[in-house]
Structures are given as C-alpha cells and as structure tokens.
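Trainee: what follows is a predicted structure for the sequence shown.
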Amino acid sequence: MTKKTVLLDTNAVLRFLMQNDEEMYSQVAKLLMSNDCVTTVEVVAEAVYNLQKKYKLTRQAIAERLKDFSTLQENLLLEETIVLYACNLYAATSLDFVDCLLDGYAKVKGNPVFTFDGDLKKQLGGKLLNG
C-alpha cells in the first residue's frame, strides 16, 4: 500500500505554530515527522487571518513563523514560492495577505490581476489586467 499525503487543516497548522495546546502540538509534530504533509494556500491564508486577529501577532512574526514552518518538509506548502513571496510582502506592507498572494502570482508566475483595489493596483504596477 502506498503512503498518502496528509492535508493539514488550519487548526492543525495553528496548533503547531502557536504551541498553545501541548497534546495537539505533539500530534501535529509526530504527523509531520512520519508523513508527507501538505498545506494549501487557502489554509495558509486562513491561518494568517487567525494569527493576526485572534492571536494578535505582528505581521513580521506571522511571516517568520510561516517561513520556519515551510522548512519542516519539502513541499509542505503548496505554491511555496508564492506563499513565501507573500509572507515577505505581508511583513513589509499593509496589504492584506490575500492581496500579497495575488501580487505573488503576478510577479512570480506572470499572471495579470484584475482588481478595483487601489493599494493592490499600486503594488501590482504593470501586472494589471485592467490597468
């Protein structure tokens, strides 16, 4: 039987990042040590939202925790290049994390973005579909 990749949900990621429930943290840590795990972009975005709103972490602290998390396993983050780009931008700007992800898709993958958001338009520069 082949080993399947385990998808981590937001709660698992948060328990691991915050280490505020020893039993849950330990379960996630063991899972990461013994399985191939994946975290989707959607889960990362929801985790960022919770880390900022519920746990009141700074943008820089959130970015650092996510970057450290990404080093635990190869391919742990889907779209890792985009997510890490977004983490750096998030730490350095006031853009929300999803806008940072969109800028990452534009700048890293060359995808044009359609938006009405003025701050995102500024950040995107020439990568706008609607100029």
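Mentor: Looks like it came in fine. Small disclaimer: the values here were computed from a predicted structure and weren't measured.

Trainee: contacting residues for the residue nearest to Ser94 when sequence neighbours are not counted?
Mentor: In space, and not counting its chain neighbours, Ser94 is closest to Asp119: 7.5 Å by C-beta to C-beta, 6 or more residues apart in numbering. (Glycine included, C-beta is placed from N, CA and C.) With contact set as C-beta atoms under 8 Å, 6 or more residues apart in numbering, Asp119 has these partners: 94-95, 99.

Trainee: buried ones among those?
Mentor: 95, 99 (16 or more other C-beta atoms under 10 Å).

Trainee: which of the contacts of Asp119 lies closest to Ala63?
Mentor: Leu95 (12.3 Å; C-beta to C-beta).

Trainee: you'd agree the closest one is in a strand?
Mentor: No - Leu95 is assigned coil when assessed by DSSP: H, G, I helix; E, B strand; the rest coil, not a strand.

Trainee: coming back round to it: dump the contacts of Asp119 to CSV, plus pLDDT and distance to Val6.
Mentor: Output for the contacts of Asp119, formatted as CSV (pLDDT from 0 to 100; distance: C-beta to C-beta, whole Å):
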residue, pLDDT, distance to Val6
Ser94, 97, 35
Leu95, 97, 31
Asp99, 98, 29
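
Trainee: from Tyr55, how far off is Gln19?
Mentor: Using C-beta to C-beta, to the nearest Å, one gets 11 Å for the distance from Gln19 to Tyr55.

Trainee: name the SS class of the one residue sitting closest to the centre of the chain, please.
Mentor: The structure's the chain has its C-alpha centroid closest to Val44; by C-alpha atoms, centre = their mean the separation is 3.6 Å. When classified by three-state DSSP, Val44 comes out as helix.

Trainee: residue contacts, it?
Mentor: 13, 66, 77, 83, 97.

Trainee: mind checking which of those are in helices?
Mentor: Counting by DSSP state H, the part of the contacts of Val44 found in helices is 13, 66, 83, 97.

Trainee: thought the last one was touching Val48?
Mentor: Okay, so that is Phe97. Yes - Phe97 lies in contact with Val48 (C-beta atoms under 8 Å); the separation is 4.3 Å.
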